[in-house]
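Q: please find the sequence and the predicted model below.
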Amino acid sequence: MVAALARRGPDAEGIDLWSDATLGHRRLSIFDLSEAGRQPMVSPDRAVAVVFNGAIYNFHDLRADLMSRGCQFHSQTDTEVLIHGYREWGIDALVAKLRGMFAFGLWDDRAHRLFLVRDRLGVKPLLYAAHNGQLAFASSVRALRSAGFAAEIDDRAVAEYLEFGYVTDDRTIYREAAKVPAATIVEWSGGEISRRQYWTPPEPGEGPGPSFDEALEETERLFLRAVQMRLQADVPVGSLLSSGIDSALICWAIGRLGADITAFTVGAPGDPWDETAAATATARALSVPHRVIPLSPSDSPDVTEMTTAFGEPFACASALGMLRVSWAVKSAATVLLTGDGGDDVFLGYPEHRHLWMAQKVSRSMPSAVAGAWNSWQDRVPRNGLLRRPAHFLDYASGGLGAVAWVHDGLPMYRRAGMLGDRLASATVVQRAIPWSHTSARRVLAEFLAYDRQTRFVGEYLTKVDGATMHYALEARSPMLDQELWEFASSLPFEVRLRRGRLKAVLRELARRRIGPEVARRRKQGFGIPVQRWIAGKWRSAVEEAFHNSLLEKEGWVCSAPMLEELRKAAERRWAPNQLWYLYVLESWLRRERTEPVPALA
């Protein structure tokens, strides 16, 4: 299991044993690079031990508190705070005090009890599996599989993957394994598992809240503090600078705080998505040290790298770009500040505005009208000019159920005849969410909670952690700071979407502190045109994979319809996402089948 995690922690390896427990760890050294920071970290009496992944940003404050209580520290790491904090406060009070991103396993040898804890938003992954009175846990399902704790592919997880391009946190690709949900403590004692959630973000305010200027002022204060905390490290720290608002604000904050940090932009010369010019202009305006790392055509990402970096099938195309970014930056930094999360909590995606408008319409729509539309909506064409208005009325009358239903995942495979016998009747629980006018009247709030538990943690956070840790790079995002997130979550939608403007608070902060040009920029990101490449330069590789499909041999799919869809894609020079998902799944399965799984007693 430790060997399977080597890329996530290349700096040191540790294993320690008790009569009823064995802990293993691979270390990426960030705080206290000496042997004192080695893990597993064990109390002097060997009664408490911990293995930890992540960063506790307020550990200096917690350490000072614990020292005032008589605790003696032997390292300068954030890890040691977990041991003393557990003994002084207990697991629940300790976790309530932690501010950061973390996944850890803490073993109490006297109580014969294990605690598995994951941070509030689920930035760091943590999985476990139980078998015959034993429990194993790790940062990757591949580590569980390497020890024989996970072997049988879950049909429901495959259906989820084909629907979304990732497996949600409700399950893993293997039947035997489970993910510790975000903001959750899993407790293992006497062979029994229990779990409890320790945090939920606040609901958005409905009544009078802070004014826009007040929200802006508090956002700036919390944001500067979040950036400052994430600059702590005993290794080189860098910042990712794209053409967007969030990374520009981070670089502005770094300058405002007086830190000497280099901003990195990964350039793609000649590519329509190249952000070099805009990022360079931002760096010049902010007077921050800036380094452009160009990628040559030979640096083009491939699916093999993706299936190696991610333990589960994962088809987020921008992960290919994040892998290349991580590879390029690693030689110059070990900690990388990113802008992830700003769009999610400050409402920067177009669907946020659409759902807010649908929610407003729904509140003035008589229930009888909503009921009539829900009864007749399946008779209205969903193509051409009617497509968007029909979907808008779906959201305004059916709420979250309609939002989940509109997603075109499994239905596309079924229409094309691609699904094999094992998936013939496959569906996902998200499609069973009932349509409701009551839901429609608060559809944006319900969507944000739903999205945070699915796409946000299952795709966005997984992408960043998997890609950066594959190159032993620790990504830190100030936008994921819990205090900033709690404040932004509580802001009324009228403030976050002021005058219908996406991410209005952050845009105004960027306008005032950096300039109007940055504030006006559209979200871009480091994209990879997989839909074009599958129909073009990758076509022969995809065609070969589908002709000799392991997925078909195991009964998951039918190759002939897949090849027909690929032929059509080549004609129009564009492939649907579903072909990309299938190609990644085929590549992932081939990799998994080459590695034997040990049998457990």
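A: Alright, I've got the coordinates. Numbering: from 1, shown residues only.

Q: show the average pLDDT along the lengthiest helix in the chain.
A: Ranked by number of residues, the top helix in the chain under DSSP state H is helix 212-230. Taken as a whole, helix 212-230 has a mean pLDDT of 98.

Q: output the contacting helices and strands for that helix.
A: Using 3 or more Cβ pairs under 8 Å, 6 or more residues apart in numbering; DSSP states H and E as the contact test, the elements touching helix 212-230 are helix 245-256, strand 335-337, helix 482-490, helix 504-513. C-beta here means a position set from N, CA and C on the backbone, and glycine is covered the same way.

Q: tell me the angle it makes with helix 504-513.
A: Relative orientation of helix 212-230 versus helix 504-513 (axes from the mean of the first three to the mean of the last three Cα atoms, to 10 degrees): 80 degrees.

Q: for helix 212-230, buried residues please.
A: By 16 or more other Cβ atoms under 10 Å, the buried positions in helix 212-230 come out as 212, 215-216, 218-220, 222-230.

Q: now swap in stretch 304-313 and tell me
A: The neighbour-count check on stretch 304-313 (16+ other Cβ under 10 Å) flags Glu305, Met306, Thr307, Ala309, Phe310, Gly311, Glu312, Pro313 as buried.

Q: which is the next helix or strand following the longest helix of the chain?
A: Per DSSP states H and E, the first helix or strand lying C-terminal to helix 212-230 is strand 237-240.

Q: ok, that next one: who's next to it in the sheet?
A: strand 262-267 (parallel), strand 335-337 (parallel) (DSSP bridges).

Q: which of those strands sits closest to Arg171?
A: Nearest to Arg171, of all the strands paired with strand 237-240, is strand 335-337, at 30.0 Å by Cβ to Cβ.

Q: count of neighbours near Arg591?
A: Neighbours of Arg591 under the rule other Cβ atoms under 10 Å: 15.

Q: show the pLDDT at it.
A: At Arg591, the model reports a pLDDT of 94.

Q: start at 24, not 1
A: Okay, residue one is now 24; in that scheme the one you just asked about reads as Arg614.

Q: which residues touch it?
A: When contacts are counted by Cβ atoms under 8 Å, 6 or more residues apart in numbering, Arg614 is found next to Thr327, Thr330, Thr331.

Q: just the ones of the residues you listed in helices?
A: Members of the contacts of Arg614 lying in helices (criterion: DSSP H): Thr327, Thr330, Thr331.

Q: looking at the residues you listed, which gets the smallest pLDDT?
A: Pick the lowest pLDDT in those and you get Thr327, at 91.

Q: that residue touches Trp611, doesn't it?
A: No: Thr327 lies out of contact with Trp611 (Cβ atoms under 8 Å); the separation is 10.2 Å.

Q: center of this protein - which residue?
A: In the chain, the residue lying closest to the centroid (Cα atoms, centre = their mean) is Leu484, at 1.3 Å.

Q: got phi/psi on it?
A: phi -70, psi -40 (degrees, to the nearest 10).

Q: how is the chain carved up into domains?
A: Per automatic domain parsing, the domain ranges recorded for the chain read 26-149+203-220, 553-616.

Q: of those, which approaches Ser512 most closely?
A: Nearest of the domains of the chain (Cβ to Cβ): domain 26-149+203-220, 10.9 Å.

Q: what is the end-to-end distance of that closest one?
A: In domain 26-149+203-220, first residue to last residue: 31 Å (Cα to Cα, to the nearest Å).

Q: leaving out chain neighbours, which residue sits closest to Leu467?
A: Computed as Cβ to Cβ, 6 or more residues apart in numbering, the closest residue to Leu467 that is not its neighbour in sequence is Leu378, at 4.3 Å.

Q: ok, now Glu506?
A: The shortest distance from Glu506 to any non-neighbouring residue, by Cβ to Cβ, 6+ apart, is to Leu245 (5.6 Å).

Q: so who does the residue nearest to Val326 when sequence neighbours are not counted touch?
A: Of all residues not flanking Val326 in the chain, Ser610 sits nearest, at 4.7 Å (Cβ to Cβ, 6+ apart). Contacts for Ser610 (Cβ under 8 Å, 6+ apart) come out as Val326, Thr327, Met329, Thr330, Ala568.

Q: list the contacts for the second one?
A: With Cβ under 8 Å, 6+ apart as the criterion, the residues that contact Thr327 are Ser610, Arg614.

Q: chain center to the helix or strand where the residue nearest to Val326 lies: distance?
A: Counting by DSSP H and E, the element that carries Ser610 is helix 600-616. Averaging C-alpha positions (Cα atoms, centre = their mean, to the nearest Å) puts helix 600-616 20 Å from its chain's average.
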